[in-house]
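Trainee: For reference, the sequence and a predicted model appear below.
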Amino acid sequence: MFSRKGIIFVVSAPSGAGKTTLCQRLCSMDSGIKHSVSYTTRKPRPGEINDIHYTFIDEDEFRAMISEGDFVEWASVHGNLYGTSKRRIAHMVDSGIDVILDIDVQGARQIRSFFPDSVSLFILPPSMDVLKERLSGRMSDSPKVIAARIQKATDEIMEYENYSYVIVNDALDKALAELKAVVAAERIKTFRTDHRWIKENFGNVKSCMKEHFKTY
């Protein structure tokens, strides 16, 4: 049976560009790809569920995990710590499940360094004005936090050149279709093919054809 290891998809964007929504929509539609749940010291926002949106832990526990080498990447973002578990990723990839990582540009650099065959995508908002509106609409964030996110967004957007794909999230359905297209194309690239399966099933095609034509 045709089999392969899972693919790691790294998705980054400035805060408010909609990357988390896109990743969640994709995972809800495609059982072959799972959203990697990151660890964070940030407090849950309304509606967020532990081990579904994030695994929420305190700073002492987070720093203990750093010391033990549990993270493939971790970063401090707006005063909170975020990290991606090596064990969680390895388990999914080895099981043939594609993994989508919704992480910032700092974490993406570390992931690309550790997993050079990962596929990176950058999500852009339609414009800075739209981005500011989206961030200002987050009632759970203070004006100070919103201002910091807007300031950081400009620097993050300039990172887009380091990614394999760029998607502009001006319409959710369109952006989602483009994200799905990237996943579909990456899955059928030649270097990801199960070459052993092909050889087992088609390796003796030439000899079989010769025997077939001998009968005529």
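Mentor: Ah, there it is. Predicted model, so just to flag it, every value in this text is computed and none were measured.
Trainee: list the buried ones in stretch 180-197?
Mentor: Residues 180, 182-183 are the ones in stretch 180-197 that count as buried (16 or more other CB atoms under 10 Å). All C-beta spots, glycine's among them, are computed from the backbone N, C-alpha and C.
Trainee: ok, now stretch 12-30?
Mentor: Across stretch 12-30, burial judged by 16+ other CB under 10 Å covers 12-19, 22-23, 25-27.
Trainee: Make CSV out of those residues and add distance to Ala108.
Mentor: Output for the buried residues of stretch 12-30, formatted as CSV (distance: CB to CB, whole Å):
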residue, distance to Ala108
Ser12, 5
Ala13, 10
Pro14, 12
Ser15, 14
Gly16, 17
Ala17, 14
Gly18, 17
Lys19, 11
Leu22, 15
Cys23, 13
Arg25, 20
Leu26, 17
Cys27, 19
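Trainee: From the residues you listed, which land in helices?
Mentor: With helices identified by DSSP state H, the entries of the buried residues of stretch 12-30 that belong to them are 19, 22-23, 25-27.
Trainee: how about the nearest residue to Leu81 once chain neighbours are set aside, what does it touch?
Mentor: Counting by CB to CB, 6 or more residues apart in numbering, the nearest residue to Leu81 once its immediate chain neighbours are dropped is Thr41, at 4.5 Å. Contacts were defined as CB atoms under 8 Å, 6 or more residues apart in numbering; by that measure Thr41 touches 56-59, 62, 80-81.
Trainee: Please, a PyMOL command that selects the buried ones among these?
Mentor: If you want just the buried ones from these in PyMOL, going by 16+ other CB under 10 Å, the selection is:
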select buried, resi 56+57+62+81
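Trainee: The contacts of Thr41 into TSV, with extra columns for pLDDT and distance to Leu121?
Mentor: What follows is the contacts of Thr41, written out as TSV (pLDDT from 0 to 100; distance: CB to CB, whole Å):
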residue	pLDDT	distance to Leu121
Phe56	98	26
Ile57	98	27
Asp58	97	32
Glu59	97	30
Phe62	98	27
Asn80	94	23
Leu81	95	24
